[in-house]
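# Task: produce atomic coordinates for the following.
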Amino acid sequence: MGATGTTGTALLHSLRALEVPVRALTRTPHRPLPGAAGPHDRHVEVRYADAGDPDSLRTAFSGADQLFLAMANSPAQVELETRVIDIAAHSGIGHIVKLSAPAAEPGSPVAISRGHHAVEEHLHASGLTGTVLRPYAFMQNLLRLAPTVAQGFVLGAMRDAPCNYIDCRDIGDVAAAVLTRRHLAGGTYTLTGPEAVSHPGLAARLTELTGRRIQYIDLAPDELRDNLIHQAGLPGWLADHVVEIQQLAIARPEFPTSTVTDILGRPPRTLDAFLNEHRTHFRAPNPADTQVSCQPTP
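Model (predicted):
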């Protein structure tokens, strides 16, 4: 589940490379699937499924023995994911790989992480074999900074705290490994890239990448929340989440793990390589562009 998401797409690419048959579940099966080669891809079967439609889940799960569960963060996530787990258990699935989050603890200061903890606990109590992946910040989400980078700045509320980034393609490769190597099933894996980089450090790398001065503007948490809602258009719960994870990085300094290397036998992709791969995305402002202004809140 989550076949059209960033991580799900990466996993499909990884499984196709291994020539593993996979059923990709989506609410829009009529649309081209990013991780599949085409409508006649012999390794990928596309099926309709919606976590809010139990009958669609029962049909989609029929005949499958493992499930990769990745759903977008939302206020309904706990309800939807626990329903998926229950229906999977009654449909003959024996192993679920759940995409979770760091600090998935009952007392976590990050609300979304508390929700992930609740789902993890439900998975462990289900009687199924449960594997949990806890990746840190997706490098792919940095592409969303392009509008402000084009204007010469990056906003945050992290001071100079280091942040773990990971390329979603590495998450996909790890997920494929735990789905195809049974000795890895049942573990909890914290996933990062090879280094933790602060927001000032990120701005410095973007400066070098673009040849333009990119400034990091550190805001108070309330200022960042207001900016995310009123300038970037995020819903309140998601703005809260962004602020909470940035504040957590200050309270609990982040350090990279060796998990990706331990599982895959190769180092994870670097932030510099990712930024260089997408250098044209962080281009200079073009007067012809029409994009929402993301100027800092006064």
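
# Looking at strand pairing, list the partners for the closest residue to Leu145 other than its chain neighbours.
In this structure, Leu145 finds its nearest non-sequential neighbour in Val154, 5.8 Å apart by C-beta to C-beta, 6 or more residues apart in numbering. For every residue, glycine as well, the C-beta is placed using N, CA and C. Counting by DSSP bridges, Val154 is bridged to Tyr216.

# Quick one: neighbours of Val154, just the number.
The local packing of Val154 (other C-beta atoms under 10 Å) involves 19 other residues.

# Tell me how far it lies from Asp240.
20 Å (C-beta to C-beta, to the nearest Å).

# do the same with Ala103
Using C-beta to C-beta, we find Ala103 at a distance of 15 Å from Asp240.

# now His124
His124 sits 27 Å away from Asp240, going by C-beta to C-beta.

# Those two: which has the busier surroundings?
Taking neighbours as other C-beta under 10 Å, His124 and Asp240 compare with Asp240 leading, 18 against 14.

# Wait, the more buried one touches Val110, no?
No - if you go by C-beta atoms under 8 Å, Asp240 and Val110 don't touch, sitting 9.2 Å apart.

# Now do the shared contacts for those two.
Counting by C-beta atoms under 8 Å, 6 or more residues apart in numbering, Asp240 and Val110 have no shared contacts at all.

# Does Arg269 touch Gly172 like I think?
No - assessed by C-beta under 8 Å, Arg269 is found out of contact with Gly172, at 11.3 Å.

# Neighbour count: the two, which is higher?
Just comparing Arg269 and Gly172: by other C-beta under 10 Å the higher neighbour count belongs to Gly172, 23 against 20.

# What's the separation between that one and Ala24?
Going from Gly172 to Ala24 by C-beta to C-beta gives 13 Å.

# shared neighbours, the two?
Residues touching both Gly172 and Ala24 (C-beta under 8 Å, 6+ apart) are Leu12.

# Contacts only, for Ala251.
Pro109 are the contacts of Ala251 under C-beta under 8 Å, 6+ apart.

# how about stretch 90-103: buried residues?
Within stretch 90-103, the residues scored as buried using 16 or more other C-beta atoms under 10 Å are 91, 93, 95-103.

# roughly how far out does that stretch sit from the chain middle?
15 Å (C-alpha atoms, centre = their mean, to the nearest Å).

# what number of residues lie near Thr188?
Considering only other C-beta under 10 Å, Thr188 is surrounded by 14 other residues.

# Ignore what I typed, I meant Asp86.
For Asp86, using other C-beta under 10 Å, the count is 14.

# what about the closest residue to it other than its chain neighbours, distance to Val178?
In this structure, Asp86 finds its nearest non-sequential neighbour in Ser126, 7.2 Å apart by C-beta to C-beta, 6+ apart. Ser126 sits at a distance of 17 Å from Val178 (criterion: C-beta to C-beta).

# Comparing those two, which shows the higher neighbour count?
Val178 (22 against 16).

# measure the more buried one to Leu133 for me?
Separation of Val178 from Leu133 (C-beta to C-beta) stands at 8 Å.

# again, but for Arg205
For Arg205 relative to Leu133 (C-beta to C-beta), the value is 26 Å.

# So between those two, which is more surrounded?
Leu133 (23 against 16).

# part of a strand, is the more buried one?
Yes - the assignment for Leu133 is a strand, going by DSSP: H, G, I helix; E, B strand; the rest coil.

# Now for it: which residues touch it?
Contacts of Leu133 by C-beta under 8 Å, 6+ apart are 97-100, 171, 174-175, 178, 189, 191.

# out of those, which one sits closest to Ala17?
Ala175 (12.7 Å; C-beta to C-beta).

# List of residues touching the strand or helix carrying the closest one?
Per DSSP states H and E: Ala175 is located in helix 168-180. Contacts with helix 168-180, where a contact means C-beta under 8 Å, 6+ apart, come from 6-7, 9-15, 18, 20, 66, 68, 95, 97, 99, 131, 133, 135, 138-140, 184-185, 187, 189, 191, 193, 259-260, 263-264, 268-269.

# filter these to the buried ones?
Counted by 16+ other C-beta under 10 Å, those give 6-7, 9-15, 66, 68, 95, 97, 99, 131, 133, 135, 138-140, 185, 189, 191, 193, 259-260, 263, 268-269 as buried.

# For Asn286, give me the pLDDT.
You'll see Asn286 listed with a pLDDT of 51.

# tally of neighbours for Arg252?
Arg252, neighbours per other C-beta under 10 Å, totals 12.

# wait, what's in contact with it?
Arg252 makes contact with Ala103, according to C-beta under 8 Å, 6+ apart.

# Is it correct that Pro65 is in contact with Gly94?
One correction, residue 65 is Asp, not Pro. Yes - using C-beta under 8 Å, Asp65 is in contact with Gly94, at 5.7 Å.
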